[in-house]
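Asks: the following comprises the amino acid sequence and a computationally predicted model.
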Amino acid sequence: MLFLVISTPRPERPSSMTGSRRKFWRWIDPKLKSRQCRWVYARTGRGAVALFDVGSNEELHALLNGWADIIPAHFAIHPLIDAAGAQRFLGGRSVKRQPRRKASKR
């Protein structure tokens, strides 16, 4: 299951968060190597955007709790369908149109 996660950290002074930001990159590195996190980018100013590939909502929940333990933040979570899955969905379903009703004359 793919999830795009956008973090918006609490408004702390950036200089006070340097150690936490370093800890975050050490924390995310093994997740990138295992492909549990496909990619992560730092946002301009503050925050990050990551694409997680997890097997369950509980796995994502655990990741976000670990992230928030390092850098408290609000997370916007967007479930995604990969391109191949979206194309399979489109190819496997046909849209049936309802017949138009004729307007009755009164």
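Replies: In hand now; what should we look at?

Asks: please name the residues that touch the nearest residue to Arg46 once chain neighbours are set aside.
Replies: Sequence neighbours aside, Pro9 is the residue nearest to Arg46 in space, at 5.3 Å (criterion: Cβ to Cβ, 6 or more residues apart in numbering). All C-beta spots, glycine's among them, are computed from the backbone N, C-alpha and C. Counting by Cβ atoms under 8 Å, 6 or more residues apart in numbering, Pro9 touches Met17, Arg46, Gly47, Ile71, Pro72, Ala73.

Asks: mind checking which of those residues are in strands?
Replies: Mapping the contacts of Pro9 onto strands (DSSP state E) picks out Ala73.

Asks: for the contacts of Pro9, give me TSV that also has distance to Gly91, neighbour count and pLDDT.
Replies: Below are the contacts of Pro9 laid out as TSV (distance: Cβ to Cβ, whole Å; neighbours: other Cβ atoms under 10 Å; pLDDT from 0 to 100):
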residue	distance to Gly91	neighbour count	pLDDT
Met17	47	17	88
Arg46	41	17	90
Gly47	37	17	95
Ile71	41	19	96
Pro72	43	12	96
Ala73	38	19	96
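
Asks: make JSON lines out of the contacts of Pro9 and add distance to Trp39.
Replies: Shown next, in JSON lines, are these (distance: Cβ to Cβ, whole Å):
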{"residue": "Met17", "distance to Trp39": "22"}
{"residue": "Arg46", "distance to Trp39": "19"}
{"residue": "Gly47", "distance to Trp39": "15"}
{"residue": "Ile71", "distance to Trp39": "18"}
{"residue": "Pro72", "distance to Trp39": "23"}
{"residue": "Ala73", "distance to Trp39": "18"}
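
Asks: how much space between Ala48 and His78?
Replies: 14 Å (Cβ to Cβ, to the nearest Å).
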